[in-house]
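Trainee: Give the three-dimensional model of this entry:
(2 chains)
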Amino acid sequence: MELELFRQDLIQTSTCATGTLAVLPLTEEKKTQKVAAGDMSGVVQCFSVKKGEFNVAFKTLPSAANKVTSLVLGKGKSQKDKIFVAAGNQIKGVNKKGKEFFRFNTQLTETIRRVDVFEKNIWSAGEYVHNHFIEAKDKALYLCPDRINDAEVVPLANPAELWPVLACQDRYVRVLRGSEPVYEAPTPAAPVSLQYVVDSHDPQHRFPNAKEVLYGTDTGTLVQLLLEAEAARQGFTLANPKKQGAVAAVYSGIDFTKTGLNNIVVGREDGGVEVLDLEEAGQLRTVYSIKLTESINTLDGGFLTGLLAQEFVMHTFSGKVISYAPPGGGLLVSNAEQPARGPLGMRAKAPPPAVAAPGAEEEERRASYYKQIDRLRAEISTLKQEIEAERQRFQMKGGDTAMLAMSAPFTVQDKCKLEADEACYVLTIESAVPIFTVAIQCNAALQMLDVPSNVAILSRSPPDEANGNLTLATYRCQDSTNRLAVKFKVREGRSAALSAFVLPAISPKACVVVRHTIRPLCLHQRIVQMDTSRPTNELLITGQFTGGDAHTWVTGLLPDIPPTLPPGQDGASYVFQNTLLGTQLLCRYRGGEARFVSDLVSTLGIIHEHVMREATNAKLRVNVSFNPSAQSLQHSVALVWPQLEKQRTLKKTYNMLEGLAELKMQDGDISYLSQDYKSVLDRADKIRQEYKEQPQHLDHLVALIKDLYLDYCKLTGVATPKQRLPALEQLLNDTSSTLEQLMEFLLGQR
Amino acid sequence: MLVPAFQLHLNEKIQRAQAAIGRFDGQVPSLACATVGGKVFLHQPHHQGVGNDNQISYLNINKQISAVVAGRLAGNKDVLLVGTPSNLQCYDVELNRDLFYKDVNDGVNVCVVGPFGNSEGPLAIVGGNCSIQGFGADGSEKFWTVTGDNVSAMAFCDVDQDGRNELLVGSDDFDVRIFVGEDVIAEVPEADQFVALAAVVGSRFGYALVNGTIGMYDRLDRVWRVKSKHSVCAIASYDLDGDGLPELISGWSNGRMEVRRADTGEVVYRDHLTGPVAAILRADYRNDGLEQVVVCGVEGEVRGYLPVDLDVAPGVAAEADFTEQQQAVAELAQRKQELMYELASYSNMRAQQASKEAPSERSSLIPADTRVDSYISINKDTASCDLVLKTSSEQAVIRGVVVFGEQIFDEESLFVYPKNPDVQLAVPLKPLKDVSVVLMIKVLVGGRTATAFHVFELEIELPKFALYAAVDKGAYPEPASSVTFTVSERIPRMCAWVESRFNLQASAAGRNDTLEAYFLCLRDRTPLGIKAVPNGGSVQITLRTDNMDMAGELVGDLAAYLGATELAATADFPLAMKAFKEVLNAVDEHNITRLRMNADMADASNAVKQLIIKAEDARILGDMKAMRKYYRQLADMNRDLIAEHDKRATNHVALLESLKEVNQMIQRAARLRVGAAKSRVVSLCRAAIKNNNMAALFKIIREGDGPV
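Mentor: Numbers count the residues shown, from 1 in each chain, chains lettered A, B, ... in the order given. The predicted structure follows:
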């Protein structure tokens, strides 16, 4: 690794939300910067580290009602060292000594996820609503068509006029002015974190007026967006070939690599942290990376533990505040008297290289680590004593164990996400305390898949149909595990409910349940545009229903749709792609009419079934007309064909490989083999690798075409010829069969 | 960090657990491994000018290889033992000749070499289909006994610390049996089939199971174990960290190699190979006087590790590497967080109690004094024994139960999630075999409307014969078979045994009463009768069941409970004997078929050779028509040969099955006895089979003794 950074564990808070830590600015005096952090127990604390000693400037009392959901510093000139805290629907201003100087109850119904303050302006972002207040009076309100994942305010018009920028779940970054969006920038995946970067990464100064925001997506990519008053321009992107977790936090404020541009620090949901360097050519390069075991909720930076070098700091899900410092910085303990150092430059200037003798720094750092370890040990022993005292008191009073268990601040953060590339779901569960077991229950049959990074042991219980449990499984964690990923495949067709019971490994033993709904068309992913060249089938539903009714049907069918129709509209239109087959689905509906168009008949079959059931339940009369297309079946099969062909050739060559290798070993001389076979031997490693990666792929594809055929027969009213299936399977597995033969077979029955 | 001392890539596949290092010329070490296509390759790095450049030479075995072992049977050099599913070959590598070649009908699953039993020289001990055989240097059979199932792992270890090695045998019935000569001195049940066993130090030995568990025993007590979702490929022991105590080294299917402390199971070192591990060996492979751990990968990777020399390497530790400290800090921070969590629970609770809002929240909680009781009851309808859980309060319902237990579920746990939670829940258990297990139960209890639950943790011991329902006398027809023996014990002890092993409250019985108990095994619905009649100072016990395995299990358990070391019994199993007679007939038939087919085969292969010569002659003479004819005949012949081979293979499988049956019958007969009577049955049965004296065999099985 190019960069060397050293870890320091600063403090421990309770579990926290994202964006609840901030580093206060440097002051005139030669002091390290203070850090303010809020957490889910309602505590806000501010501390600084001076010569290895921790000073707490203030710490509020815990309060279950005031879970801190956002903590920022003011953006106005005189507000830069003021801390603004959002809890529920309340916003508080606290100065650096802990004195509350401002309190504003917004009366909003949504929890404020992000607050921003600039002089008299306050912006608050809830789940769907973005508000702007001036002097605590409503100024503007924007109802977002989909969930707001993160928000910022950026001086786009002039330094005194800040415009809100929202990262929305429907894959747009929206720039607002007043109550109206100025423009929307489409994003490749749902943006989940957004950061305004003052010193933009524009080495050639091509866009001097543009303001830079960096957003991270739930697929783990990072994108630079250069915003101007009228339009946005997309800059560099960081790809995610290793499929790391979603980017939960971004920070750019320190130039570790001394290139003149600040490095970008990316914190991921799966605990990955990377420091990136932007090269001249506009390429991002990872110069430092580390993997923690829990998600990174906030990133910031500054002179935290020493005045010699800046370090970045993170707030993790379980509440650890950890900083990473470059050589020369961080916690160092010197035995000798500290030599006088030169006066500290301003923040923009890089501090002079501090290390005189490298051996000396090493010694100091080692000493500091020992000191940290000692400090932690001391804290742990104090905590143990306190717990012992509590236990005794508890037992003497004849305590209420149930009450104790329920009082445990056992928080679980979870996410159930479609893995588009593999057409499977990943449920990630992250707990503040080590997990003993996660028990999974589902009323649909799930195929549990292996996650290489998991150390948990999967144990499936036999399905219990009498109780409606088609999937029952436990994941037992060993060692100390706080994160667990459960990956599973599920078939489309029926809506299903999944529950995960999280049992902690330490006492008090409470159990938290995490529930998710798997929708009938769960393997569909939102896309922006439909490919109109495909032959399609159409399902048209008409009748006495409102746009809202149709919207409810669609939300019940497909993932990733806002719960209500966009305000003021009676209809909507969404396009989806089937992640397994690549087929598409268009839903367009308004009051009285809903139109579903897809190149895959089975999808429409599922929609038909679902809508009829819902409509009957709501006592709505609807008419259905169905317009199938034989071409679309051919088209769907043609989509899968190349993959199938590739996989079965791979399987054949793989099976041949062992035999050929044996021949080679037996005879030594293989010049008599045909060219094809020789090339198989030459590519042996590659073939093995490819086969190892996807051993079940072929079976899967074959099953898929079979299903497609059955669906088609069912929906078009052809009597399902089950006896033809073995012949179909043979045709599919025979490496010499062609697409034409298959088509003939599929349509031959008509 | 563990850094390999050397690293080679042999570019040859190595079969799992089929590698050995030996000094085949008595001087320098060589590595012998089974590779693909029925071959063994030898890597001889210390030989000059042997073979080609890569120092590899091949031995053609032309059969599926099942074991490769190097060892010293006689003289001052190692011999190479190669096992196949039907024979054992002892080969002198230096002189390139076979020392002996023995047919081993039960197959060679595992082989170890060392002094054992009463034999003078070292033996090559071969574990096969339910049997264990020992061969001397000349290939003569010196030792024979049976075990419960296919042998999958063996190791020598001085478990009882008497200065002589015992033989540990792990078999597919999940048991480790410890043999002193022909006698089994102890049985240790485990949770799955064995991959490997390895002596570690003193009375400690390590084990590895198919389900990914590795662990350590000290004598008969398990010290630790860990389970992984990967599968373990090999284990060995060596003192790599230089603390004087050997560690357990394990190699895994994902290429991981782990070094764990023998006393705690804590990981000391870790390394990764590029492919799955095939074998872990110990040898001075560099021939410099220092023993190494040599790890072989399936893809032909070979790595050697030296112990960390603490005197030489202080500089290494002082390198500017803070990973260890950083890790320590991270671990402590985690610990601190856990403690803070617990502390916060207490303070939160106090805060809630202090604020008077508590009652409203209290209503969704379960009452403070809620208990969860558990007991085991027999459910005849579902043929299972139910673990019944019941809360002590109407307000507290059981939302779900997770039960962890070994050997009673398909996998390690069972999760029960009732549709309508209630105060009582029955978890049906169907143990696959008769074992006594401790069930670890996590009960999720909450109010009727709760979304968060309190976890009650319980443990309950499932009795060994839990799946036997007590029935009245005469409810089921009395089994025709029985085993009868006498123990010098009193009736109350017998009652205590029945009570502790069966899920039954037996009525107190006096010293002179007759104990009679009748059960029905719910697994296969076979009846069982236990009758104990006082007879002077001792008790005559009759176990009536048609199932010999069940009888053996009961006898073994009873003997262990009573501490009886000697027990002779009369076994009367007419049904089993009838079936056994058929098995013996089948063995004869299969053997005859085999011989006949072998002769046919020899004829056919001669014909093939002739045809090839004729066809090639025709080709050289330019007589294409004739050549085509001969080749066509050859193709036909080839097809016939393949068909014949299939038949032969089927016959062979059937033969092996029957032979296994025979071995198992001997084992069953032996298990009805304890101590000297037991080993007598084994050796007499073996002798009877060798002499083909079937009448004597049946008599021995029945009476435990008899002339051969």
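Trainee: Can you point out the buried residues in stretch B:392-399?
Mentor: For stretch B:392-399, the neighbour count (16 or more other Cβ atoms under 10 Å in any protein chain shown) marks B:393, B:395-399 as buried. For the C-beta atoms, the positions are set from N, CA and C on the backbone; glycine is no exception.
Trainee: want to try CSV for the residues you listed, with distance to chain A as columns?
Mentor: Formatted as CSV, those follow (distance: Cβ to the nearest Cβ, whole Å):
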residue, distance to chain A
B:393, 10
B:395, 10
B:396, 8
B:397, 13
B:398, 12
B:399, 8
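Trainee: Return the subset of these lying in strands.
Mentor: B:397-399 (DSSP state E).
Trainee: count of neighbours near the nearest residue to residue B:517 once chain neighbours are set aside?
Mentor: Among residues not flanking residue B:517 along the chain, residue B:530 sits closest, at 4.7 Å (Cβ to Cβ, 6 or more residues apart in numbering or on different chains). By other Cβ atoms under 10 Å in any protein chain shown, 21 other residues sit near residue B:530.
Trainee: if I've got this straight, residue B:530 is in a strand?
Mentor: Yes: assessed with DSSP: H, G, I helix; E, B strand; the rest coil, residue B:530 lies in a strand.
Trainee: quick revisit: identify, from the ones in strands among the buried residues of stretch B:392-399, the entry nearest to residue A:6.
Mentor: Nearest to residue A:6 out of these is residue B:399 (Cβ to Cβ; 46.5 Å).
Trainee: Hmm, the closest one is touching residue B:446, no?
Mentor: Yes: in this structure residue B:399 lies within contact range of residue B:446 using Cβ atoms under 8 Å: 5.6 Å.
Trainee: Spell out which parts of the stretch 351-500 of chain B neighbour chain A.
Mentor: For the stretch 351-500 of chain B, the contact set with chain A under Cβ under 8 Å from any Cβ of the partner chain comprises B:351-353, B:361-362, B:365-368, B:370, B:400, B:402, B:404, B:409-419, B:442, B:444, B:451-457.
Trainee: could I get the buried residues of stretch B:392-399 as JSON lines with pLDDT?
Mentor: Formatted as JSON lines, those follow (pLDDT from 0 to 100):
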{"residue": "B:393", "pLDDT": "83"}
{"residue": "B:395", "pLDDT": "82"}
{"residue": "B:396", "pLDDT": "85"}
{"residue": "B:397", "pLDDT": "88"}
{"residue": "B:398", "pLDDT": "90"}
{"residue": "B:399", "pLDDT": "89"}
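Trainee: With distance to residue A:607 added, can I get the residues you listed in CSV?
Mentor: Converted to CSV, the buried residues of stretch B:392-399 look like this (distance: Cβ to Cβ, whole Å):
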residue, distance to residue A:607
B:393, 47
B:395, 44
B:396, 43
B:397, 38
B:398, 39
B:399, 34
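Trainee: so which pair among those residues is furthest apart in space?
Mentor: Across the buried residues of stretch B:392-399, the longest distance by Cβ to Cβ is 14.2 Å; it joins B:393 and B:399.
Trainee: And the pLDDT for residue A:341?
Mentor: With respect to pLDDT, residue A:341 scores 39.
Trainee: Any stretches of the stretch 351-500 of chain A with poor pLDDT?
Mentor: The model of the stretch 351-500 of chain A has pLDDT under 70 over residues A:351-359, A:398-400, A:402.
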